[in-house]
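kindly return the folded structure for what I paste below:
(2 chains)
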Amino acid sequence: RKEVEQDPGPFNVPEGATVAFNCTYSNSASQSFFWYRQDCRKEPKLLMSVYSSGNEDGRFTAQLNRASQYISLLIRDSKLSDSATYLCVVKGDNNDMRFGAGTRLTVKP
Amino acid sequence: DVKVTQSSRYLVKRTGEKVFLECVQDMDHENMFWYRQDPGLGLRLIYFSYDVKMKEKGDIPEGYSVSREKKERFSLILESASTNQTSMYLCASGRDRVTEAFFGQGTRLTVV
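Below you'll find the predicted structure:
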């Protein structure tokens, strides 16, 4: 079983739609959690950290459920520029860092 | 701005060659990572290091080794390159186990 599981999609949504991604992790000792964004042929870049109380950054909301070991990302009012692959990232208690396989999002006019 | 620099963007090597991929970061980060990224498989952790001369195996260490002689530099070594090691290789560095990591631009390695 992979340590970090993510629905690969693809998700194809119209502009203005709300879309949600989920991610599960297997190591209950995991320390910290992130969502990264990766554009085609580019390196991954941090989108946002995920905090236990949930956090919001503009149109993006991230949530963490430690009991069920899942992380979510909600994007409201999708823009064309949101088209990318979204990567769920989990940092362990031994300094490792593991990624989900990524969820591909395409926002269409 | 954090900078993580990988020595080559594109590399073509022959089967059986010993290949060195270099990664340098300028933020005095403790942790450094090597991943390979393949379509449909995402980023898979090869090795990571949490201190100078320290290394830990990731999920797919076979056929690879690493070296961290200085804090800022983390090298990935393909002892005898094979065609199934053709991939995009990404290096990352991070300060600790809580804050985010930063990536280099990647090296696309082709083994022929």
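
contacts only, for the closest residue to B:Ser7 other than its chain neighbours.
Residue nearest to B:Ser7 in three dimensions, not counting chain neighbours: B:Glu22, with 3.9 Å by C-beta to C-beta, 6 or more residues apart in numbering or on different chains. (C-beta placed from N, C-alpha, C; glycine too.) Neighbouring residues of B:Glu22 by C-beta atoms under 8 Å, 6 or more residues apart in numbering or on different chains: B:6-7, B:73, B:75.

A:Tyr51: which of these is nearest?
B:Gln6 (30.7 Å; C-beta to C-beta).

next, the closest residue to that closest one other than its chain neighbours: phi, psi?
Spatial nearest neighbour of B:Gln6, excluding adjacent residues (C-beta to C-beta, 6+ apart): B:Gly104 at 3.9 Å. Main-chain torsions, B:Gly104, degrees, to the nearest 10: phi -80, psi 180.

also B:Ser8?
Dihedral angles of B:Ser8 (phi, psi; degrees, to the nearest 10) stand at phi -130, psi 140.

before we move on, the earlier item: which of the helices or strands spans the residue nearest to B:Ser7?
B:Glu22 belongs to strand B:19-25 when assigned by DSSP states H and E.

what are the buried residues along the helix or strand just after that strand?
Moving toward the C-terminus from strand B:19-25, the next helix or strand (DSSP H and E) is strand B:31-38. Within strand B:31-38, the residues that count as buried by 16 or more other C-beta atoms under 10 Å in any protein chain shown are B:31-37.

what residues does chain B have near chain A?
B:30-31, B:33, B:35, B:40-45, B:48, B:50, B:56, B:58-59, B:90, B:92, B:94, B:96-106 (C-beta under 8 Å from any C-beta of the partner chain).

let's see that with 6 Å instead.
Residues of chain B that fall close to chain A, judged by C-beta under 6 Å from any C-beta of the partner chain: B:31, B:33, B:42-43, B:45, B:48, B:50, B:97-98, B:100-101, B:103, B:105-106.

by proximity to chain A, which residue of chain B wins?
B:Gly42 (3.4 Å; C-beta to the nearest C-beta).

bridge partners for that residue, pull those for me.
Going by DSSP bridges, B:Gly42 is paired in beta bridges with B:Asp38.

ok and the residue in chain A nearest chain B?
Counting by C-beta to the nearest C-beta, chain A gets nearest chain B through A:Ala101, at 3.4 Å.

for that residue, give me its contacts.
A:Ala101 makes contact with A:6, A:8, B:42, according to C-beta atoms under 6 Å, 6 or more residues apart in numbering or on different chains.

only the buried subset of these, as a ChimeraX command please.
Entered in ChimeraX, the line below selects the buried ones among these, by 16+ other C-beta under 10 Å:
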select /A:6 /B:42
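
what is the burial count for the spatially closest residue to B:Ala101 that is not a sequence neighbour?
Leaving out its chain neighbours, the residue that sits closest to B:Ala101 by C-beta to C-beta, 6+ apart is B:Gly94, at 3.5 Å. For B:Gly94, the neighbour count with other C-beta atoms under 10 Å in any protein chain shown is 26.

brilliant, that's me finished.
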